[in-house]
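Trainee: below are the sequence and a predicted model; questions follow.
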Amino acid sequence: KWTKNRGNQDMYKKDKVSIIIPIYNGEKHLAECLDTIQNQTYTNLEIICINDGSRDKSLSILKEYQKKDDRFIVIDQKNAGQSKARNEGIRRASGKYISFVDCDDFIELDMIEKMVLKAEETNADIVITNFSLYFEDTGRYESYRDEVLYYTLKNKVFTVEECPEIIKYVGVWDKLFETDFLKKNNLLFWENIIYEDHLYSVQAELYANRISLIPEHLYYYRKNAGESITDKEADNDAFKTDFLRIHKKIQEILDENKTSLKVNKAYYEFFMENAIMHQRNSSTIRFYKYFFESMRKILDEKKIKVINTINNKMILEYANDIYKNKFFRCMKNIH
């Protein structure tokens, strides 16, 4: 393993990495998150922590770490949302690479070292690591992504057109970005909206000329964390509206970039699976109908043709029912 046979590791430690962490009421897990970052084997870091108006002890925790380690940069702002916090971090970043970590998650101690090594070896715009879900209520770890795909591509450099499945990888916390690449493409997060990372990741992946993967599970995404946005998705219809807004914009960008059928097919499979999940989790019949009508406005004939190439009976039935305004077949899922 790299950590046991580092070779000339100094050549990979000369470039600074900026790690950006937005924090909102994260006191419960913040120290664990920061410890795994502070103790990285790759030491040339600036750790940019943006306290987004937390009402708990998050800010005092951050200041304690800053006192003991001058690599910590603490920014305190009024609550403005995760996107604005991340954008502030991007503007402040001075590293050659940028990484995002959520304040309730944690990472392997050699994650940054391995990702920088991969970026340097492959001259990648983006490096994507594998990750595991961590279920806090049971202590269980679970793989989430296609392990075969990771190992198939682990020694390759590719674009989205060459590997369309990557467009489904919509998190930003599993990636190392080359900073000049982000700035050249003016990539910032859409503010005041949820699922901003979906749009950001898709844009970055479309613009990237060189993407590489690490098959090891180096990032741990915490579930059942209580304050986590994604843990509250099922109970919040506003999040479902933002999902549609974000993905309407993504679809416009796909059209503008004239992406191939295989890329569109991979994207629309992801979109439809998540749309079905969101609609079924609607809190009321009224909102369920609203979501249905919104989907009708999004799915034009061109998109239906792409969706009809997907080998998934549930997706095909759902899309065609919406397009033909057959509302009642979908209604059976709501109680």
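Mentor: That came in fine, so what should we check first?

Trainee: show me what contacts Lys303?
Mentor: The neighbours of Lys303, taking C-beta atoms under 8 Å, 6 or more residues apart in numbering as the test, are 251, 268. For glycine as for every other residue, the C-beta is placed from the backbone atoms N, C-alpha and C.

Trainee: now the host helix or strand of it: buried residues?
Mentor: Element membership of Lys303, judged by DSSP states H and E, is helix 301-307. Going by neighbour count (16 or more other C-beta atoms under 10 Å), the buried part of helix 301-307 is 303-304, 306-307.

Trainee: residues making contact with stretch 268-279?
Mentor: Against stretch 268-279 from outside (C-beta under 8 Å, 6+ apart): 167-168, 170, 233, 239-240, 243-244, 247, 250-251, 288, 291-292, 295, 303, 306-307, 310, 312, 314-315, 318-319, 330, 333.

Trainee: over to stretch 24-32?
Mentor: With contacts defined as C-beta under 8 Å, 6+ apart, stretch 24-32 is touched by 23, 33, 51-58, 61-62, 79, 82, 85, 103-106, 222, 225-227.

Trainee: what do you get if the cut-off is 7 Å, keeping everything else the same?
Mentor: 23, 52-58, 61, 79, 103-104, 106, 222, 225, 227 (C-beta atoms under 7 Å, 6 or more residues apart in numbering).

Trainee: same question, stretch 85-100
Mentor: 15-20, 22, 46, 48, 50, 52, 73, 75, 77, 112, 116, 119, 172-173, 176-179, 182, 188-189, 191.

Trainee: just the buried members of the residues you listed?
Mentor: Counted by 16+ other C-beta under 10 Å, the contacts of stretch 85-100 give 16-20, 22, 46, 48, 50, 52, 73, 75, 112, 116, 119, 172-173, 176-179, 182, 188-189 as buried.

Trainee: starting at the chain centroid, how far to the strand of greatest length in the chain?
Mentor: Counting by DSSP state E, the longest strand found in the chain is strand 211-223. Computed by C-alpha atoms, centre = their mean, to the nearest Å, the chain-centroid distance of strand 211-223 equals 11 Å.

Trainee: next SSE after that strand?
Mentor: Using DSSP H and E, the first helix or strand after strand 211-223 is helix 237-256.
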